[in-house]
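K.L.:
fold the following for me, if possible:
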Amino acid sequence: MEQRGELSASDAQRLGRRALDHGEGPRIDALSKPGTRTCNNAAREAIRRWLRSNGADGPPAPPPPSSIGHLESSSLPLRVYYQTEADQPLAQQVLIAAELAWQKQVVELSYPKPYTAANYTDPAVPGLYLYVGDTGMGGGGFTEWIRNVPDTPQADCSARVAIDSANYEGDVAFVVAHEFNHATQMATDCVEAISAWENFATASGDYFYPGDWTTQYFIQAFQQYPEMPVDYWQNPDGSSDLSYFQYGASLFPIFLRDRFGKGSQVLLRDAWYSFAQEGTVTCSFFGCVADKPNDPDWFKGLDNMLHLHGSTFDDAFDEFAAWRAITGSRDDGFHFQSGSSIGEVSTAATHYLKQGGAKGKLDVHEYGSRYIELRTDGYSGPVHVQVKPDAAASWSVSLLSWRKAEPVERRATVLPAGESADVYVASAQGIQRMMLVVSQRKDATHLPDEQEYETTREFEYVVDDDLEPDAGTKPEPMPEAGVDAKSDAKPDAKLDAGKDVDAEPIGVETSADDGGCDCRASRGTAPRRSVFSVLLAAIAVCLRRRSGWRKSLARA
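P.N.:
All right, here's what the predicted structure looks like:
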């Protein structure tokens with residue numbers, strides 16, 4: 001970190017001595033075993049927290065990159081710098097895209113006006129500076145925090161945007177809209193968890209450019225790992241599909257927009273306001289921190305906002321887990337406004353009801369879900385599902401039923417710690433498919449600011465044909481997109497890469513099924529890119545020190 005300019009020489013020497021001589025240093029949860037997909041991520045974040053808690057601080061924002069000129073909006077406080085003469089045509093496109101982003105986000109939707117500055121020592125001024133040049137990233141862009149805005153009570157900060165000169169012309173508008181949204185986030189709350197930065201900004205891109213191939217690509221990656229926490233974040237280095245998870249997690253704010261906002265982006269604007277707080281911000285390589293606690297965090301803020309819509313964060317998460325299963329070929333036309341174009345969630349196991357009872361055991365992270373498909377294939381008898389989860393957390397269970405041309409039916413229950421659930425369907429007659437969705441809600445330790453992603457717990461389930469005690473009990477249809485009413489919805493499930501289902505059924509098919517949606521082949525006429533450049537084309541958050549550009553991890 002010292003060699004990369006991320007830590008001062010004095011701090012590196014002081015803390016290195018403490019680690020070597022006294023055995024001090026960051027500690028990583030034992031669940032983060034070497035070689036696992038979350039180990040490096042856990043180590044990186046543990047190191048940052050330990051350094052910060054011991055008085056270390058990274059350098060402030062570096063000087064802006066070199067430029068030979070700039071373009072300025074005639075009507076808005078927007079300026080686009082370019083590094084070479086060859087970059088000037090792209091700079092012109094970026095300026096047009098930035099003016100459009102200002103019109104759509106600030107004028108039409110009343111997002112806050114961003115603050116900007118060139119250098120860390122410069123005062124924050126309303127507007128935004130954007131820089132076009134070779135970032136070393138191969139495409140995309142990033143938004144960089146600079147410093148506190150002293151004239152406001154909020155924990156906000158000024159920002160500047162970098163747009164890589166290698167961007168395809170067709171990607172520029174989406175990339176600029178995404179980065180512009182980050183600048184409005186920083187003008188509202190500059191200290192929120194990085195997972196919220198990315199999923200909300202990507203959802204904004206989906207709103208302004210619906211059906212954009214990059215958003216759908218990321219959502220498909222997210223749908224492959226439903227057992228991971230909805231607020232999971234990983235270094236976006238392109239090393240695995242999980243690198244895209246936080247961008248694909250935009251499906252959660254998209255759900256909030258469709259379910260509680262009647263499809264309006266205003267709800268997501270208000271959501272960011274809901275977890276803002278007052279404070280003075282100090283920014284460095286390690287991020288921005290305020291002199292007051294980040295309270296409410298984005299989970300609490302959303303919970304406060306959702307109370308106004310007759311729901312809670314946990315209830316909305318449970319409902320989201322159910323909606324998440326109603327996509328692609330499983331879309332019923334009553335939930336996500338673009339449900340048929342969203343990649344299908346991965347299932348952890350498939351059981352054929354005609355072949356008799358089945359049972360299994362699965363693990364799932366906090367605020368993650370597992371999905372178990374129950375194939376009817378002409379079976380018309382009763383269905384009984386029993387779920388026995390780990391007693392250390394609260395859970396939710398949903399049993400979804402698809403009938404032709406009808407909204408999906410949902411039988412749902414919330415399980416306080418220590419309880420189990422029995423869900424019955426008196427007859428599977430007319431049901432085309434069924435899905436069991438099991439979600440771990442939380443325990444007291446899951447705080448988004450802590451980035452604690454390692455806690456997994458198990459649940460057992462049994463599927464048989466026991467008769468329902470009360471055959472008169474009927475499920476409620478799943479609410480339609482845009483219906484603003486409280487729902488008792490519940491969560492989701494998937495097969496972990498490399499993990500098998502501990503099942504003893506007759507005729508169990510375990511699968512990491514992508515529902516027939518090959519996300520890499522579904523990019524239509526979009527230009528072919530490497531996996532990493534695909535990430536960069538949408539947002540690219542790995543900054544590189546090259547020709548004055550910073551190599552670090554940014555909330556961008």
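K.L.:
drop to CA atoms for contacts and neighbour counts, all remaining ones
P.N.:
OK.
K.L.:
for the closest residue in space to Gly339 that isn't next to it in sequence, report the pLDDT, please.
P.N.:
Closest residue to Gly339 apart from its sequence neighbours, by CA to CA, 6 or more residues apart in numbering: Thr327 at 4.7 Å. Looking at Thr327, its pLDDT stands at 97.
K.L.:
also Asp21?
P.N.:
pLDDT, Asp21: 85.
K.L.:
who touches the one helix or strand it maps to?
P.N.:
If you go by DSSP states H and E, Asp21 is part of helix 9-22. Helix 9-22 has contacts (CA atoms under 8 Å, 6 or more residues apart in numbering) with 2, 24-25, 51, 56-57.
K.L.:
just the buried ones from those, in PyMOL syntax?
P.N.:
Filtering the contacts of helix 9-22 down to the buried ones (16 or more other CA atoms under 10 Å) takes a single PyMOL command:
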select buried, resi 25+51+56+57
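K.L.:
identify the residue with the minimum pLDDT among the contacts of helix 9-22.
P.N.:
Among the contacts of helix 9-22, Asp57 has the weakest pLDDT, 71.
K.L.:
and it, how far is that from Phe286?
P.N.:
7 Å (CA to CA, to the nearest Å).
K.L.:
can you show me the helices along the stretch 301-450 of the chain?
P.N.:
313-323 (DSSP state H, counting those that start in this stretch).
K.L.:
and Ala392, how many residues sit next to it?
P.N.:
12 (other CA atoms under 10 Å).
K.L.:
from memory it sits against Leu415, does it?
P.N.:
No - using CA atoms under 8 Å, Ala392 is not in contact with Leu415, being 11.2 Å away.
K.L.:
for His446, give its distance to Val230.
P.N.:
From His446 to Val230 the distance is 11 Å (CA to CA).
K.L.:
and those two? Which one has more around it.
P.N.:
Val230 (28 against 18).
K.L.:
domain assignment for the chain?
P.N.:
9-53, 69-308+533-544, 318-509 (automatic domain parsing).
K.L.:
turn the contacts of helix 9-22 into a markdown table, including distance to Phe260 and secondary structure.
P.N.:
Shown next, in a markdown table, are these (distance: CA to CA, whole Å; DSSP: H, G, I helix; E, B strand; the rest coil):
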| residue | distance to Phe260 | secondary structure |
| --- | --- | --- |
| Glu2 | 47 | coil |
| Glu24 | 48 | coil |
| Gly25 | 44 | coil |
| Leu51 | 41 | helix |
| Ala56 | 43 | coil |
| Asp57 | 41 | coil |
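K.L.:
in JSON lines, list the contacts of helix 9-22 along with distance to Gly138.
P.N.:
Below are these laid out as JSON lines (distance: CA to CA, whole Å):
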{"residue": "Glu2", "distance to Gly138": "25"}
{"residue": "Glu24", "distance to Gly138": "39"}
{"residue": "Gly25", "distance to Gly138": "35"}
{"residue": "Leu51", "distance to Gly138": "31"}
{"residue": "Ala56", "distance to Gly138": "32"}
{"residue": "Asp57", "distance to Gly138": "29"}
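K.L.:
all strands for the stretch 51-200 of the chain, in order.
P.N.:
69-72, 78-82, 115-116, 125-126, 128-133, 141-148, 157-164 (DSSP state E, counting those that start in this stretch).
K.L.:
out of these, which is closest to Asp241?
P.N.:
Closest approach to Asp241 among those (CA to CA): strand 141-148, 19.6 Å.
K.L.:
mind giving me the packing neighbours of that closest one?
P.N.:
strand 157-164, helix 172-186, strand 281-284, helix 531-538 (3 or more CA pairs under 8 Å, 6 or more residues apart in numbering; DSSP states H and E).
K.L.:
tell me where the model's unsure across this structure.
P.N.:
28-42, 45, 444, 469-556 (pLDDT under 70).
K.L.:
ok, the residue nearest the centre of the chain - contacts?
P.N.:
The chain has Ala249 as the residue nearest its centroid, 2.8 Å off, counting by CA atoms, centre = their mean. Applying CA under 8 Å, 6+ apart to Ala249 gives the contacts 199, 219, 222, 230-231.
K.L.:
quick one: end-to-end length of stretch 372-383, please.
P.N.:
First-to-last residue span, stretch 372-383, CA to CA: 14 Å.
K.L.:
mind checking how far it is from the chain centre?
P.N.:
On the basis of CA atoms, centre = their mean, to the nearest Å, stretch 372-383 sits 33 Å off its chain's mean C-alpha point.
K.L.:
again, but for stretch 456-472
P.N.:
On CA atoms, centre = their mean, the centre of stretch 456-472 falls 31 Å from that of its chain.
K.L.:
contacting residues around it?
P.N.:
356-366, 381-390, 424-426, 440.
K.L.:
one more time with 7 Å, if that's ok
P.N.:
The contact list for stretch 456-472 (CA atoms under 7 Å, 6 or more residues apart in numbering) reads 356-366, 382-390, 424-426.
K.L.:
which of these are buried, as a ChimeraX select command?
P.N.:
Applying 16+ other CA under 10 Å to the contacts of stretch 456-472, the buried members can be selected in ChimeraX as follows:
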select :357,358,359,360,361,362,363,364,365,366,382,383,384,385,386,387,388,389,390,424,425,426
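K.L.:
from the contacts of stretch 456-472, which land in strands?
P.N.:
358-365, 383-389, 424-425 (DSSP state E).
K.L.:
what comes up buried for the helix holding Asp21?
P.N.:
Quick answer for helix 9-22 (16+ other CA under 10 Å): 11-12, 15.
K.L.:
that older thread, and the contacts of Ala249, which is closest to Thr376?
P.N.:
Looking across these and measuring by CA to CA, the closest to Thr376 is Phe222, at 27.2 Å.
K.L.:
and the closest one, helix, strand or coil?
P.N.:
helix (DSSP: H, G, I helix; E, B strand; the rest coil).
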